[in-house]
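Trainee: Here is a sequence together with a model predicted from it:
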Amino acid sequence: MNRPQSNEQREHDFTMHVFSISAGMVGVCLTAIGILRLITSQTRIETIGDEMLAADAVLFVLCCFLSFWSFKTTGPTLRRTLRLAIDGLFMLALSIMVLVCTVIAYAIA
């Protein structure tokens, strides 16, 4: 039979998912910057989208670093604090990604 996971194990699993998703999102941001630069050079459209994507990539990298740090720390209080920071930064980065998509869609249309 399956035993229910402990809260600590569930939090660890969640942080592992955020770690891997954040690493992938850094690649998405960098790819989008390249595509946006290509589009702007061909159409003469200027946006702040690439700067926003660069800042978003930094936030996702920060999520990766903090996630990795939380895996390595042994103190439960520090680990809990890191996970709260990771959650907040990850949600902020995702929100900025939505905003960037809006800016790009408006500029291209």
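Mentor: In hand now; what should we look at? Computed from a prediction, not measured in an experiment: that's the story for all the values here.
Trainee: make it CA atoms for all contacts and neighbour counts henceforth
Mentor: Will do.
Trainee: how near is residue 54 to residue 32?
Mentor: Noted for residue 54: a distance of 10 Å to residue 32, by Cα to Cα, to the nearest Å.
Trainee: count of neighbours near residue 34?
Mentor: Counted with other Cα atoms under 10 Å, the neighbours of residue 34 add up to 13.
Trainee: Might you report the residue contacts of it?
Mentor: By Cα atoms under 8 Å, 6 or more residues apart in numbering, the contact set of residue 34 is empty.
Trainee: element containing it, please.
Mentor: Here residue 34, judged by DSSP states H and E, is contained in helix 7-43.
Trainee: and after that helix, which helix or strand comes next?
Mentor: The C-terminal neighbour of helix 7-43 among helices and strands, as given by DSSP H and E, is helix 49-72.
Trainee: following that following helix, which helix or strand comes up?
Mentor: Of the helices and strands lying after helix 49-72 in sequence (DSSP H and E), the nearest is helix 76-108.
Trainee: buried ones in stretch 80-90?
Mentor: Across stretch 80-90, burial judged by 16 or more other Cα atoms under 10 Å covers 82-83, 86-87, 89-90.
Trainee: Return the helix or strand in the chain with minimum mean pLDDT.
Mentor: Of all helical and strand segments in the chain, the minimum by mean pLDDT, DSSP states H and E falls on helix 7-43, at a mean of 88.
Trainee: Please work out the angle formed by the directions of it and helix 49-72.
Mentor: 160 degrees (axes from the mean of the first three to the mean of the last three Cα atoms, to 10 degrees).
Trainee: in helix 7-43, what's buried?
Mentor: Going by neighbour count (16+ other Cα under 10 Å), the buried part of helix 7-43 is 12, 15-16, 18-19, 22-23, 25-26, 29-30, 32-33, 36-37.
Trainee: Ok, stretch 96-109 next?
Mentor: For stretch 96-109, the neighbour count (16+ other Cα under 10 Å) marks 96-97, 100, 104 as buried.
Trainee: Equivalent analysis for stretch 54-61, please.
Mentor: Using 16+ other Cα under 10 Å as the test for burial, stretch 54-61 gives 54-57, 59-61.
Trainee: Mind putting those residues into JSON lines with pLDDT?
Mentor: Shown next, in JSON lines, are those (pLDDT from 0 to 100):
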{"residue": "54", "pLDDT": "93"}
{"residue": "55", "pLDDT": "94"}
{"residue": "56", "pLDDT": "94"}
{"residue": "57", "pLDDT": "95"}
{"residue": "59", "pLDDT": "96"}
{"residue": "60", "pLDDT": "96"}
{"residue": "61", "pLDDT": "96"}
